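>>> All I have is the shape, not the residue letters:
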């Protein structure tokens with residue numbers, strides 16, 4: 001977990017080698033609700049389209 005500030009870049013240093021599309025990164029609000037996930041839209045296989053996407057309401 002890492003706190004962020006809106007408008008400021010954030011950097012992660014990971015202690016292991018893993019492909020960026022296999023990280024399963026999720027951004028939560030202060031109450032622990034999922035807001036965003038790092039990946040591609042469903043069905044998209046283009047590695048260049050990885051980005052933060054809004055979590056759909058479950």
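Looks like it came in fine. Only a predicted model underlies this, so the values are computations on that prediction, with no experimental measurement involved. Numbering: from 1, shown residues only.
>>> In contact with the residue nearest to the spatial centre of the chain, which residues?
Nearest to the geometric centre of the chain sits residue 38, at 2.7 Å (CA atoms, centre = their mean). The contact partners of residue 38, by CB atoms under 8 Å, 6 or more residues apart in numbering, come to 20, 23, 24, 25, 26, 27, 50, 51, 52, 53. Where C-beta positions appear, they are placed from N, C-alpha and C, glycine not excepted.
>>> Out of those residues, name the ones that lie in strands.
Per DSSP state E, strands hold the following members of the contacts of residue 38: 26, 27, 51, 52, 53.
>>> any chance of those residues in TSV, with pLDDT, neighbour count and distance to residue 9 too?
Output for the ones in strands among the contacts of residue 38, formatted as TSV (pLDDT from 0 to 100; neighbours: other CB atoms under 10 Å; distance: CB to CB, whole Å):
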residue	pLDDT	neighbour count	distance to residue 9
26	89	13	19
27	89	15	14
51	87	11	15
52	89	12	13
53	92	15	19
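>>> Sketch out the low-pLDDT regions of the chain for me.
15, 18, 20-21, 58 (pLDDT under 70).
>>> Mind doing that once more with 80?
1-4, 10-23, 45, 47, 57-58 (pLDDT under 80).
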